[in-house]
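*Asks:* need a 3D model of the sequence below.
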Amino acid sequence: DACQSDHRILPYFDLPFQHASERILAAMNRSGSAEAYLELLGDIRSAVPAAVIRSTFLVGFPGEHDDDFAALRRFQESARLDWLGAFAYSREEDTPAYSMKDRVPRRTAAARKAEIEDAQRPITEAALQRFIGSTQTVLVEERIDGDDLAIARGYMNAPEVDGAIVIVGGQVQAGDVIDVSISAVRG
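*Replies:* As a prediction, the model looks like this:
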């Protein structure tokens, strides 16, 4: 409701699901399930059609077996998140997971991270297609020296983690807030 009634609140949701296997979520001391997460995503998308949703997944957590990873991949395909960051578990002293057994080999965790990232590319590209032909208010972050280009961010781009909008032409400067027409998605 707030996103729809107050223009100061942007419809960008960062929901760090971390995983979709209930067994791994419990090991992480997190509540939730793939079904509950999908229901939440449906509720957000119904209430706020312009919603952009980002999440993060953590692969390679101690005890993550092939079936747990398969559950995460199924969730990824069903969730159709606009943006997604994937991280491989890194053992840190003084954390509850540090002493957990059944550690996932680093090579396996890295391969799972790469698989998540590869699978997300077409999902994100498809999600961004909805902006083609629209006019968006953006914040110009920088001009590219020597080119007639500038880099900007719209409500759908969190700084430093999501893509950016490239402005071609115009006399814009960093800090300008302007309306642009989105003509294409690249990558």
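*Asks:* so where's the longest helix in this protein?
*Replies:* Ranked by residue count under DSSP state H, the longest helix found in the chain is helix 106-128.
*Asks:* next one: that helix to chain centre, how far?
*Replies:* 11 Å (CA atoms, centre = their mean, to the nearest Å).
*Asks:* and the very next helix or strand once past it, what does it pack onto?
*Replies:* As assigned by DSSP states H and E, the chain's next helix or strand after helix 106-128 is strand 135-144. In this structure, strand 135-144 packs against strand 149-153, strand 165-168, strand 177-181, with contacts taken as 3 or more CB pairs under 8 Å, 6 or more residues apart in numbering; DSSP states H and E. Backbone N, C-alpha and C define where each C-beta goes, glycine included.
*Asks:* could I get the ones you listed as JSON lines with mean pLDDT?
*Replies:* Below are those laid out as JSON lines (pLDDT from 0 to 100):
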{"stretch": "strand 149-153", "mean pLDDT": "95"}
{"stretch": "strand 165-168", "mean pLDDT": "94"}
{"stretch": "strand 177-181", "mean pLDDT": "95"}
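*Asks:* in the longest helix of the chain, what's buried?
*Replies:* 108-109, 112-113, 115-116, 120, 123-124, 127-128 (16 or more other CB atoms under 10 Å).
*Asks:* for these, which two are the farthest from each other?
*Replies:* Thr108 and Leu128 (30.7 Å; CB to CB).
*Asks:* just for this protein, where's the confidence low?
*Replies:* 1 (pLDDT under 70).
*Asks:* how about 90 then?
*Replies:* 1-9, 91-102, 144-148, 159-160, 169-171, 186-187 (pLDDT under 90).
*Asks:* just checking, what packs against the helix or strand hosting Ala36?
*Replies:* Using DSSP H and E, Ala36 falls within helix 34-47. Counting contacts by 3+ CB pairs under 8 Å, 6+ apart, helix 34-47 packs against strand 52-59, helix 66-79.
*Asks:* can you add mean neighbour count and distance to Val166 and give those back as CSV?
*Replies:* Listed next are these as CSV, based on neighbours: other CB atoms under 10 Å; distance: least, CB to CB, whole Å:
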stretch, mean neighbour count, distance to Val166
strand 52-59, 22, 18
helix 66-79, 17, 27
